[in-house]
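K.L.:
here is my input, please return the structure:
(one chain, ligands or ions: 1)
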Amino acid sequence: MSETRIAIVGGGLAGLTAYATLLHGGIEPEDITVFSDSGPDPAAVWRRQAASIRQQRMRSESDGHCLPTSFPGLAVRAARRRASPVPLLQSICDRYHPTVAEFLEHVEELRERTGWDRRIVPRRVERARAVDGGFELDDRGAFQHVLFALGHAELNLPAELVLDPRVVHAYEPHDYAEKVAVVGAGMAAATEWLNALAAGVRVTSVRRRNPARRPLQVPRALFSRRGLTAFQNTAPAARVELLLRLGEPSYPPGRAWDLPLERAAREGRFQVAPELDDEAQIVCATGFRRGYRHSPLLARLVDDHALETHEHWIRLAPDCTVPALTSAGRTLALAGTAAQWAYPAADTLAGAKYAARGFLRRVEACRTR
Ligand SMILES: Cc1cc2nc3c(=O)[nH]c(=O)nc-3n(C[C@H](O)[C@H](O)[C@H](O)COP(=O)(O)OP(=O)(O)OC[C@H]3O[C@@H](n4cnc5c(N)ncnc54)[C@H](O)[C@@H]3O)c2cc1C
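P.N.:
Residues are numbered from 1 along each chain as shown. So this is what the prediction gives:
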């Protein structure tokens, strides 16, 4: 057996959320191992991506944090710190978006307070195999309960642009040329339009269709119990269709986004085009490669255990566990983007909490048997 009962594979924001949730549920830190191939900083991957697009504010609201309970959220914290009710009032109308700096400060505090760094084993897990009473992770022995919080696969670039020397991915650090094409039309693209325009650049938004305008990554109804239950009762083919639709680009509505674009369009500095032209730089705001097949660990898990899949997704139970590998005595669960089959907004901080709570319930049920 391994030295601990529980393993979290992936030391990012979803991993930290799960760890904090387990401690909140009374699990001892010494019972948890966290495998991370990107060092002990849980924000290491996210920080670089957010900094690359120069993101200043979170898309999420007060509850977009890594704590086990949704309330009190970051608005309460900001209200206390600023000695002002404004963040709370904004939060009531769904208008409070913490700054990235506030969010990262909270992550750092949680990391420190929970002793996260002491639970980290700095290595990449290559293989997970079901054995009696748990899962063997490489040569580290068997863990009874395992949560995969692996984050995204590699960055996605349109095939025809892979070799183009003008290309940079939005999630890689970059400056701007004088004339820039931004490919894509989601949140990262919209953030790039505004930042490039503010830097005095001429911007062409290259897109095949117009983005949806949504405050959050998925419609608010899908965060509610009722909306979620309806989603989880949807048959596989319809669920695939819905998830593909939800994956289409979107960014929030509002004047803060529209006014700078309208002004720049009037000045001839912003235009929308279906194709690239002679721009000196092409910023691809085209996200990540999608689906479990792009994660070697998940692809192997599916193949080794003949798991049920649908298009890009591994079939999950509503609590984000893999039904074929989870029983009263052991748990295999997914968090982050890979858990969309159970929770469409899995790749958000709210989604990380949802998966973490499901995992804790399984661990607790096993403890009380
Ligand atoms: C720019 C940007 C802005 C965003 N803004 C918001 C927002 O405002 N609000 C919101 O709610 N969400 C936001 N999101 C979405 C979401 O919060 C992030 O995607 C979040 O980082 C997901 O956490 P994660 O742990 O799944 O992935 P990550 O934070 O990427 O962590 C995954 C970790 O697992 C490690 N790993 C992977 N495979 C293995 C392996 N086999 N063995 C060991 N370690 C492994 C990786 O190295 C990494 O450290 C944003 C995302 C991006 C990219």
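K.L.:
now residue 348: closest residue in space, sequence neighbours ignored.
P.N.:
Once flanking residues are discounted, residue 348 sits nearest to residue 217: 5.5 Å by Cβ to Cβ, 6 or more residues apart in numbering. Placement of C-beta: from N, CA and C, glycine included.
K.L.:
how about the closest residue to the ligand within the stretch 251-369 of the chain: what's its closest non-neighbour residue?
P.N.:
Nearest residue of the stretch 251-369 of the chain to the ligand, counting by Cβ to the nearest ligand atom: residue 336, 2.6 Å away. Leaving aside its chain neighbours, residue 336 sits nearest to residue 14 (4.3 Å; criterion: Cβ to Cβ, 6+ apart).
K.L.:
is the helix or strand where the one you found lies anywhere near the ligand?
P.N.:
In the assignment (DSSP states H and E), residue 14 maps to helix 13-24. Yes: residues of helix 13-24 contacting the ligand under Cβ under 6 Å from any ligand atom: 13-15.
K.L.:
now that helix: buried residues?
P.N.:
13-23 (16 or more other Cβ atoms under 10 Å).
K.L.:
for that helix, name the packing helices and strands.
P.N.:
Applying 3 or more Cβ pairs under 8 Å, 6 or more residues apart in numbering; DSSP states H and E, one finds that helix 13-24 contacts strand 6-9, strand 32-35, helix 100-113, helix 349-367.
K.L.:
what sits up against stretch 311-319?
P.N.:
Residues outside stretch 311-319 that contact it (Cβ atoms under 8 Å, 6 or more residues apart in numbering) are 232, 236, 240, 243-244, 290-293, 298, 302, 307-309, 322-323, 326, 333-334, 338-342, 358-359, 361-362.
K.L.:
and that stretch, how far apart are its ends?
P.N.:
20 Å (Cα to Cα, to the nearest Å).
K.L.:
looking only at pLDDT, what's the mean for that stretch?
P.N.:
Mean pLDDT, computed over stretch 311-319, is 98.
K.L.:
how far out from the middle of the chain is it?
P.N.:
Centre-to-centre, stretch 311-319 and its host chain are 16 Å apart (Cα atoms, centre = their mean, to the nearest Å).
K.L.:
what does stretch 205-225 give?
P.N.:
So, by Cα atoms, centre = their mean, the centroid of stretch 205-225 is 15 Å from its chain's centroid.
K.L.:
hey, C-alpha coordinates of it in PDB?
P.N.:
Taking Å, rounded to 0.1, in the frame of the first residue of the first chain, the C-alpha atoms of stretch 205-225 are listed here in PDB:
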ATOM      1  CA  SER A 205     -10.500  40.200 -34.800                       C
ATOM      2  CA  VAL A 206     -10.400  37.100 -37.100                       C
ATOM      3  CA  ARG A 207     -13.500  35.000 -36.400                       C
ATOM      4  CA  ARG A 208     -15.800  32.700 -38.300                       C
ATOM      5  CA  ARG A 209     -18.800  33.400 -36.200                       C
ATOM      6  CA  ASN A 210     -19.800  35.900 -33.600                       C
ATOM      7  CA  PRO A 211     -19.300  35.000 -29.900                       C
ATOM      8  CA  ALA A 212     -22.100  34.600 -27.400                       C
ATOM      9  CA  ARG A 213     -22.300  37.300 -24.700                       C
ATOM     10  CA  ARG A 214     -22.500  35.600 -21.300                       C
ATOM     11  CA  PRO A 215     -21.400  36.900 -17.900                       C
ATOM     12  CA  LEU A 216     -20.000  33.500 -16.800                       C
ATOM     13  CA  GLN A 217     -18.500  30.700 -18.800                       C
ATOM     14  CA  VAL A 218     -21.900  28.800 -18.900                       C
ATOM     15  CA  PRO A 219     -25.400  30.200 -18.500                       C
ATOM     16  CA  ARG A 220     -26.200  30.900 -14.900                       C
ATOM     17  CA  ALA A 221     -29.000  28.300 -14.800                       C
ATOM     18  CA  LEU A 222     -26.500  25.600 -15.100                       C
ATOM     19  CA  PHE A 223     -25.000  26.600 -11.800                       C
ATOM     20  CA  SER A 224     -28.300  26.000 -10.000                       C
ATOM     21  CA  ARG A 225     -29.400  22.700  -8.600                       C
END
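K.L.:
make CSV from the residues of helix 13-24 next to the ligand and add pLDDT to it.
P.N.:
Below are the residues of helix 13-24 next to the ligand laid out as CSV (pLDDT from 0 to 100):
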residue, pLDDT
13, 98
14, 98
15, 98
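K.L.:
could the residues you listed go into TSV alongside distance to residue 209?
P.N.:
Shown next, in TSV, are the residues of helix 13-24 next to the ligand (distance: Cβ to Cβ, whole Å):
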residue	distance to residue 209
13	30
14	30
15	35
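K.L.:
and residue 336, what does it touch?
P.N.:
10, 12, 14, 149-152, 346-347, 351-352, 355 are the contacts of residue 336 under Cβ under 8 Å, 6+ apart.
K.L.:
one more pass at 6 Å, please.
P.N.:
Contact analysis of residue 336 by Cβ atoms under 6 Å, 6 or more residues apart in numbering lists 14, 149, 151, 347.
K.L.:
just residue 63 next, same as before
P.N.:
With Cβ under 6 Å, 6+ apart, residue 63 has these contacts: 70, 73.
K.L.:
on the three-state scheme, it is what?
P.N.:
Recorded secondary structure, residue 63: coil (DSSP: H, G, I helix; E, B strand; the rest coil).
K.L.:
look at it and report its pLDDT.
P.N.:
On pLDDT, residue 63 comes in at 92.
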